[in-house]
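Asks: got a predicted model here, sequence first, then my questions.
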Amino acid sequence: MNSKLTLKLDTHTIESAKTYAAKKGESLSKLVENYFKALAGHEPTDSSMELTPIVKSISGIIKVEDYEMAKDSYADYLLNKYG
């Protein structure tokens, strides 16, 4: 069952959100609904946002520390290559 929700936001934010939703090909309502579901930890209803089994299986493998170290290493590599 759907219910109506009224939000008060600044005009620029609303226009930016409408533009973003249009680029994604979905309604602003669906965008907000998916955002609230993500905040609550629920799966999105939009099938294009669902994770494939492979992505689900590797999710969480890389620790934040490992990612930061890899990112720094890659930045150093790029600096040496192009700098």
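Replies: Cool, the structure landed.
Asks: the helices in the chain, which residues?
Replies: 11-24, 28-40, 53-58, 64-82 (DSSP state H).
Asks: contacting residues around the third one?
Replies: This means helix 53-58. Taking contacts as CB atoms under 8 Å, 6 or more residues apart in numbering, no residue outside helix 53-58 touches it. Where C-beta positions appear, they are placed from N, C-alpha and C, glycine not excepted.
Asks: that helix: how far from the chain's middle?
Replies: Relative to its chain's centre, helix 53-58 lies at 17 Å (CA atoms, centre = their mean, to the nearest Å).
Asks: now do the buried residues in the helix or strand bottoming out on mean pLDDT in the chain.
Replies: Least confident helix or strand of the chain, by mean pLDDT, DSSP states H and E, is helix 53-58 with a mean of 79. Across helix 53-58, burial judged by 16 or more other CB atoms under 10 Å covers no residue at all.
Asks: just the CA atoms of that helix, as PDB, please.
Replies: C-alpha atoms of helix 53-58 as PDB (Å, rounded to 0.1, in the frame of the first residue of the first chain):
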ATOM      1  CA  PRO A  53      25.200 -13.500  -7.100                       C
ATOM      2  CA  ILE A  54      28.900 -13.000  -7.900                       C
ATOM      3  CA  VAL A  55      28.900  -9.500  -6.500                       C
ATOM      4  CA  LYS A  56      27.100 -10.700  -3.400                       C
ATOM      5  CA  SER A  57      29.700 -13.500  -2.900                       C
ATOM      6  CA  ILE A  58      32.700 -11.100  -3.000                       C
END
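Asks: now stretch 7-16: mean pLDDT?
Replies: Stretch 7-16 comes out with an average pLDDT of 91.
Asks: buried set for it?
Replies: Of all the residues in stretch 7-16, not one is buried under the rule 16+ other CB under 10 Å.
Asks: which residues touch that stretch?
Replies: The contact list for stretch 7-16, computed with CB under 8 Å, 6+ apart, reads 17, 32.
Asks: state the distance spanning the first to the last residue of it.
Replies: Criterion CA to CA, to the nearest Å; first-to-last residue distance in stretch 7-16 is 15 Å.
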